[in-house]
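In: Give me a 3D structure for the following:
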Amino acid sequence: MTRELPPAEQPDESPEEGVEPSILPTPPRLLLVAVLLGGLVGWLLGPVVERMGRTPMHVPWTTAALLAVAAVAVAVLARRMWRTVHVRRQPVNPERGLYSLVLGKSCALLGAGLFGGYLAFGASFLPRLDIAAGMARVLNSGLAAVASAALSAAGYALEMACRVPEDKDGERPGDRTGGSR
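Out: Residues are numbered from 1 along each chain as shown. Now for the predicted structure:
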């Protein structure tokens, strides 16, 4: 098995002007939907588990630590990509650019969903701080929510770093159309 892409077939016609890219930036509204859906799941998780006669799960501190490490790694990758594409204006391997874009989009959405879930899960235990491990659930969920928000922000920054800037004449560096605008 090889990692090389098959040779691209060259179309007979030149690409149409004004054609939008097929991968659009993640809209902030989608991130908000992910936060709300994650929050709904997080809010319902504790009561549903209790109604089943089980003890709600604990959020270990390692969850927040792992999310924070992932956020830092994605932020470093975003910074490097930004410097390569926007500061130095160097070309990026298309595979690397695509993989970075997909990683950024997925981290932004995953981080947003986890942020809502951990925040709501921890908030659902605020009225019940007197139960066993209630304070630990709230504290660790809050830390995991902050780390998830950092992961989402780093993913969004990586996605934005992958956008190719336009030249002064309005063309992107990779355009080969050469036509007048």
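
In: dump the residue contacts of residue 148.
Out: 67, 111, 112, 114, 115, 117, 118 (CB atoms under 8 Å, 6 or more residues apart in numbering). All C-beta atoms are positioned from the backbone trio N, CA, C, and that covers glycine.

In: tell me which element the last one falls in.
Out: Using DSSP states H and E, the element containing residue 118 is helix 94-124.

In: That helix packs against which elements?
Out: Counting by 3 or more CB pairs under 8 Å, 6 or more residues apart in numbering; DSSP states H and E, the packing neighbours recorded for helix 94-124 are helix 28-51, helix 61-82, helix 134-161.

In: Buried residues, stretch 119-131. List them.
Out: 119, 120, 121, 122, 123, 124, 125 (16 or more other CB atoms under 10 Å).

In: The fourth one is in contact with residue 141, isn't it?
Out: Same thing as residue 122. Yes: contact criterion CB atoms under 8 Å: residue 122 and residue 141 qualify, at 2.8 Å.

In: residues shared between the contacts of these two?
Out: What both residue 122 and residue 141 touch, as defined by CB under 8 Å, 6+ apart, is the set residue 59.

In: and residue 36, what does it touch?
Out: By CB under 8 Å, 6+ apart, the contact set of residue 36 is residue 116.

In: Need the per-residue pLDDT for it.
Out: With respect to pLDDT, residue 36 scores 97.

In: Just tell me which of the helices and strands packed on helix 94-124 ends up closest to residue 104.
Out: Each of those has some distance to residue 104 by CB to CB; the shortest is helix 134-161, at 3.3 Å.

In: Report the distance from the closest one to the chain centre.
Out: 11 Å (CA atoms, centre = their mean, to the nearest Å).

In: buried stuff in that helix?
Out: For helix 134-161, using 16+ other CB under 10 Å, the buried residues are 137-138, 140-161.

In: State the number of residues packed around residue 95.
Out: The number of residues packed near residue 95 is 11, by other CB atoms under 10 Å.

In: Look up the closest residue to the residue nearest the centre of the chain, ignoring the ones flanking it.
Out: The centre of the chain sits closest to residue 108, judged by CA atoms, centre = their mean, with a distance of 1.6 Å. Nearest non-adjacent residue to residue 108, counting by CB to CB, 6 or more residues apart in numbering: residue 155, 3.5 Å away.

In: Show me the shaky parts of this structure.
Out: 1-22, 132, 167-181 (pLDDT under 70).

In: can you do 50?
Out: By pLDDT under 50, the low-scoring segments of the chain are 1, 175-181.

In: From the structure, what's the count of residues near residue 68?
Out: 17.

In: Tell me who's in contact with residue 75.
Out: Contacts of residue 75 (CB under 8 Å, 6+ apart): 150, 154, 157, 158.

In: and which of those residues is nearest to residue 43?
Out: Among those, residue 150 lies closest to residue 43 (CB to CB), at 21.8 Å.
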